[in-house]
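**Q** Just need the structure, nothing else, for what follows:
(2 chains)
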Number of protein chains: 2
Amino acid sequence: MTDSTGLSRRELLARFGAAAATAFSAGAGALPAAEVGRWDMSTDVLVAGSGAAGASAAIEARRAGAEVLLIEALPRFGGSSAMSAGVVYAGGGTALQRALGVEDSVEQMFRFIAGAGGKHPPLEKIRLYCEQSSAHFDWLVAQGVPYREELALAMTVPMAGESLYFSGCELAWPARELATPAPRGHVPVAAGMTGGRVLMEALLAQVTALGVVMRSGVEGRRLVVANDGRALGMQVSVAGESRTIRARRGIVLASGGFIHNREMVRNYAPELYDCAVPWGNVGDQGMGINMGIGAGAAALRMHQGFAIVPLYPPESVLAGIVVNASGQRFIAEDTYYGMLGDAIAYHQQGRAWLLTDHGNELPAWQDNFLPVAQANTIGDLADQLGFPKGALQNTVAYYNRYAGNGEDPLFHKRAALLRPVQGPPYRAWDLAVDKSFVPAHTFGGLHTGPDGEVINSFGEPIAGLFAAGRTSAGLPGAPYIASGLSVGDATFFGRRAGLAAAGQGGAAV
Amino acid sequence: MTDSTGLSRRELLARFGAAAATAFSAGAGALPAAEVGRWDMSTDVLVAGSGAAGASAAIEARRAGAEVLLIEALPRFGGSSAMSAGVVYAGGGTALQRALGVEDSVEQMFRFIAGAGGKHPPLEKIRLYCEQSSAHFDWLVAQGVPYREELALAMTVPMAGESLYFSGCELAWPARELATPAPRGHVPVAAGMTGGRVLMEALLAQVTALGVVMRSGVEGRRLVVANDGRALGMQVSVAGESRTIRARRGIVLASGGFIHNREMVRNYAPELYDCAVPWGNVGDQGMGINMGIGAGAAALRMHQGFAIVPLYPPESVLAGIVVNASGQRFIAEDTYYGMLGDAIAYHQQGRAWLLTDHGNELPAWQDNFLPVAQANTIGDLADQLGFPKGALQNTVAYYNRYAGNGEDPLFHKRAALLRPVQGPPYRAWDLAVDKSFVPAHTFGGLHTGPDGEVINSFGEPIAGLFAAGRTSAGLPGAPYIASGLSVGDATFFGRRAGLAAAGQGGAAV
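**A** Numbers count the residues shown, from 1 in each chain, chains lettered A, B, ... in the order given. Reported below is the predicted structural model:
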C-alpha cells in the first residue's frame, strides 16, 4: 500500500501550495467561503478517507471523468476496512453463489436484511443494495479482488481460503423463518483474517492506476460552505498547518466512524463505551461526521454499532447455555455473535454468562472469556454467581426437559448443538462486555440519500456534499445481523457517492 | 392563558413590521447574516417556545434586565407542559418535603437520578440539578405555583390535591437498593391531571407581568448566523410570510421535542414510532432541534424517550405477572410505569402481556389494555397466546414456589403486591406498545452545557445560542425513571438558559 511515511514536514506542506491566511475557525461548525482568502489547492472531487468507502468513491468519480483528490489523515491508506476481514455481504445470485450452486434471490436477501435487524430500517437503500448486489460483486471482481470458488461450512471467517460462508444469523432462529437462508459472506482469498488487506490492496491499486491524487497525513477540520449552503471545499490540517482545498464538483466524506473518539462514544453510544475493545483504525475519530454536522447535516442512529461477543469457535461450546443476571436464557446461543453481543450490550446491561458442562468447555486457546465460577452442582454454581434463588436451576431443568427430545421451545437452537446440560464440572464464563474480548464499532453517521447525498435537518440535500461508509448512517444497524454488511455498504454506497459527486448520481452502479 | 385567536392575518403581520426581502432559504441549514437585508424586528433575548422551559427562560432573562420576545408557533401558549401533570421532580430537602417530615438529601437524590437510568448520564447537570433543587422549588413557589402540604400514597399523580408523592421507581427493585427512597414528585394543587395547566398559568402570568413581549402564531424556520458562527437572530413565519428577528444578546430554543413529527421519529427513534399514542402538544415538531442542527449543533440521545405502559391504577393488578414473548418475567411489575414501558418498547420488541387470575383482574374502567386470552389453565392460556411449549407454566411454577413465602427472587416485588398466581379464570392482557394505550414522548435534543449553551460537533459553544426543555438533551433519558424529571429539567435549565442568554450565565438560580 502507498504511504507517505518518510516525507519531511516541508515536503508534505509543499504538496499543498503556499500557506493562505485562513486560520482555524472556532465556534463556527463550518467556515463561510467569505473567510477563505484564496484556495491552496483545487480538484473536481475531494474524497476524505481511504477505506473501502473512500477508495470506491474515488474510483467511480475518476472513471466518470473527474479530477479526484483522496486525502487520508493517517500516514497509511486503507482505513478500518484494511483491518477487517474484508467480507462483503452480497447475494441474490452472485457469480460466486451460482458457481457454487447456492440458491438465492433478491427478494430473500431483502427479507433478511430488512427484517432480521432493528425496527424501521432504511428500506429504500436496502432494496437498492439487494437489487444491484450481484452486479456489485462483479465490480469487485473486476477491480481485481480475488475470490475462490469454495464454500466454507463454519460460522466464522474462513481460514482456508474459501470465499463464501454464512456470515450472519441466517440459519438461527428467528431469522431462518423470515427468509430462506443463503450464504452471502463473500470473502477475498486471504490468509486467516486478512481479507480486508487484500480487498484494500486491490481497490487502492485501482485508485492509483486511475490517476487519483493521493495524499496521506492530511486531516479534515472544517467544511467550507457558500452562503446558499453548498459545500465548496475543506479546511484541512497538513503537518499542523491550515490549508484549504476547493472541490469544484463535490466532496465525499468517508473517514469512518468514531469508536476511537471516546468522548463522542460516551455521549452518543453509551452502550458501546463500556465494551472492552474499541475496534477499528485509530483514524475512527468521527471527523467526517463532525464536519458534516458542522455544516448542518443530520446524523442518524448515533447510538448504534456492533458489539461482538465471539463465543465461537469452537461451535461445540454453543451446546452450553447463555444466561442473563436473572439466570434466564434470552437468545439462541447458536446465532451470529453480533446478535449475541447486541443482546448483551444493549438489552442485558452488558452482562451475561455462558454455562458449560464436562462435555463442552472452552478450550484453553479460546481465551476471549474467563471462567468465573466452577461447581459440581448447578445450585452451587448459581450461588457463586450471586444469581437469584432457584433461577438457574429452574432454567436448566426447563431446558433439559426438552433438549433431550431435540427441542428448544424458547429459541430453537439447531439440533446439532442441542443436548441437555450434562454432568459436572459446571463452569460459568463471563461474557460481560467490559471484562471480556468484546470488539465494538460505531454505525451512526450522517443522514444520506441513496446517492450518498448528505441530508440536512430539514430533509434537504446539502449541495456538493456526500458521505459513505461509517461516516454515513447506512445499512448496518443494531443488532448487527451479518458480517459483511458494513464493508458491503461502504463499497456499494461509496461507489454511488463517488459517481454523484462527479455529477453522475442516480445511475445503476 | 393568553392567546392570539381572533387576530386577523393583517393584525398578526402588523406586529412584525414591514416585510423584508428575505426569502426562505433552501439547502442551507442556517441563513447567513449577509442574506438578511434588514431585520424586521429586534429584541435582546428571543425565546422560541412557551412551555415550561421557554416561560422559565423568559422570566429570568427579563429579570436580568433584558428586553425579551417570546414566540410560540401555535395560537395558544403553554406547550406540552400545559398538557402534562405539571410534576416537578425535586428533593434534597425541599420546603414541602420538610413540612411533611420527609427525609431526603442531595446525595441520595443524586444517587437515584445518576444510577437508576441509562448508562453514562450527564453527571454534571444531574449534580447541579440536585444541589439546587430545594432552591428551585422555592422559586416555583415564588412564581405563584400552588402546592398543598399533603403527601399522597398512591403510585400515580395525586387526584385529591396532594402535592407530594413517589413519582418514580424509587421504591421498586433495584432502585431502592441504590438510594434511600424519598417522594420527590412535587405537584401543583390541581383537579386530577391538570397540574401542568396550573403550573403554566402561574409561569405565564409572571411572563406577562414582567413585560415580556409575547407573540403566538409565529413559527421559527431558520437561525440567522454570522460568519464566525454566532447566532444573531431567527427567520420566522408569520401567517405564511417570512420575517426576521434580531436577538442582540441571545436566543433560547425551547420549542419542545418531536413526537408529532412522524418522519423524525421514524428516523431517529424507531422504538417510539411504534408506540400507539404520540404524547405531547401538536407543536412538538422538532423545529427548535432542527434549527439548532441547521446551525451546526450536535444532537444527543435522539433515540431516547418515554414509553409509558400505565398498568396501574389500580395497583392491585400488579399482583399479576408481566411476561415477554418467551413467557418469561423480565421486570418488577410494581416499578414505575415508565420503567415498564421502556423495558417493553426498547428491550422486548414492543411486546408483553399481563397475566391475571380471578383475584386481580383489570376493572372495566381500566381500558388501556385489552384481554386477548382467557382460560382455566395456564397451559391453555399459553397455547392461545402461542407461547413456547411449557414456558409460561414454568414461569408461573417458579414464581409461585417463592411468592407464597413472600419472596420474589428475580425482581423483589414488594410484599404487599406479592402472592402466588391463584385460580382461574386466567386472563392475558395485551401490553403491546402499538396496540394499547402507550403514550410516547421524545427526549433527544441539542447538546447543551449546564447554562443551556448549545454545543457544536467540535465541542464548542455556539455563541448566542441556548436551548432548554425537550429541545435539549437534558436529564430525562431512557429508561424514564420518574415523572417530573422532564418538567423539572425544563424549568431548572430553562431558567439558566434565560439568564445566560441575557448575559448572566453561570449563576446559581
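**Q** backbone phi and psi for the closest residue to chain B within the stretch 151-300 of chain A, please?
**A** Distances between the stretch 151-300 of chain A and chain B by CB to the nearest CB are smallest at residue A:296, namely 2.6 Å. Glycine gets a C-beta too; all of them are placed from N, C-alpha and C. Per-residue torsions, residue A:296: phi 100, psi 10 (degrees, to the nearest 10).
**Q** Show me which residues of the stretch 151-300 of chain A are close to chain B?
**A** Proximity of the stretch 151-300 of chain A to chain B (CB under 8 Å from any CB of the partner chain) is limited to residues A:225, A:227-230, A:263, A:266-268, A:270-271, A:273-274, A:289-291, A:293-300.
**Q** Could you list the low-confidence segments of chain A?
**A** Where chain A drops to pLDDT under 70, the residues are A:1-27, A:506-509.
**Q** Tell me which of the residues of the stretch 151-300 of chain A next to chain B fall in helices.
**A** A:263, A:266-268, A:270-271, A:273, A:289-291, A:293-294 (DSSP state H).
**Q** And for the residue nearest to the residue of the stretch 151-300 of chain A closest to chain B when sequence neighbours are not counted, the neighbour number?
**A** Nearest non-adjacent residue to residue A:296, counting by CB to CB, 6 or more residues apart in numbering or on different chains: residue B:29, 2.6 Å away. By the criterion of other CB atoms under 10 Å in any protein chain shown, residue B:29 has 30 neighbours.
**Q** In contact with residue B:29, which residues?
**A** A:229, A:295-297, A:456-458, A:462, B:222, B:293-296 (CB atoms under 8 Å, 6 or more residues apart in numbering or on different chains).
**Q** how does it look with 10 Å?
**A** A:29-30, A:225, A:229, A:293, A:295-298, A:456-458, A:460, A:462, B:222-223, B:225, B:290-297 (CB atoms under 10 Å, 6 or more residues apart in numbering or on different chains).
**Q** ok, so what distance separates it from residue B:241?
**A** Counting by CB to CB, to the nearest Å, the gap from residue B:29 to residue B:241 is 21 Å.
**Q** And for residue A:419, the neighbour number?
**A** Considering only other CB under 10 Å, residue A:419 is surrounded by 17 other residues.
**Q** ok now do it, which residues does it touch?
**A** A:319-320, A:357, A:359-360, A:400, A:403-404, A:406, A:413.
**Q** Can you add distance to residue A:488 and give these back as TSV?
**A** TSV is the format used below for the contacts of residue A:419 (distance: CB to CB, whole Å):
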residue	distance to residue A:488
A:319	31
A:320	32
A:357	38
A:359	37
A:360	33
A:400	40
A:403	36
A:404	41
A:406	35
A:413	28
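**Q** Tell me which two of the residues you listed sit farthest apart.
**A** Farthest apart among those by CB to CB are A:357 and A:406. That separation is 17.7 Å.
**Q** Compare neighbour counts for the two and give me the winner.
**A** residue A:357 (20 against 12).
**Q** Check whether the closest residue to that one other than its chain neighbours sits in a helix, strand or coil.
**A** Using CB to CB, 6+ apart and skipping residues adjacent in sequence, the residue nearest residue A:357 is residue A:422, 4.7 Å away. State at residue A:422, reduced to three classes by DSSP: H, G, I helix; E, B strand; the rest coil: coil.
**Q** if I read this right, residue A:422 contacts residue A:378, doesn't it?
**A** No: taking CB atoms under 10 Å as the definition, residue A:422 is not a contact partner of residue A:378, at 11.3 Å.
**Q** residues shared between the contacts of these two?
**A** Here residue A:422 and residue A:378 have A:357, A:400 as joint contacts, going by CB under 10 Å, 6+ apart.
**Q** distance of the residue of the stretch 151-300 of chain A closest to chain B from residue B:227?
**A** Counting by CB to CB, the gap from residue A:296 to residue B:227 is 15 Å.
**Q** Between those two, tell me which one has more neighbours.
**A** More neighbours surround residue A:296 than the other of residue A:296 and residue B:227, with 33 against 16 (other CB under 10 Å).
**Q** follow-up on the earlier one: wait, what's in contact with the residue of the stretch 151-300 of chain A closest to chain B?
**A** Residue A:296 neighbours (CB under 10 Å, 6+ apart): A:29-30, A:223, A:225, A:229, A:231, A:454-458, A:460, A:462, A:465, B:27-30, B:222-223, B:290, B:292-297.
**Q** Could you rerun that using 8 Å?
**A** A:29-30, A:229, A:456-457, A:462, B:28-30, B:293-296.
**Q** mind giving me TSV with those residues and columns for distance to residue B:111?
**A** TSV is the format used below for the contacts of residue A:296 (distance: CB to CB, whole Å):
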residue	distance to residue B:111
A:29	36
A:30	41
A:229	46
A:456	41
A:457	36
A:462	44
B:28	46
B:29	40
B:30	41
B:293	34
B:294	38
B:295	37
B:296	36
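**Q** Tell me the one of those residues nearest residue A:164?
**A** Distances from residue A:164 to those, taken as CB to CB, are shortest for residue A:462 (38.7 Å).
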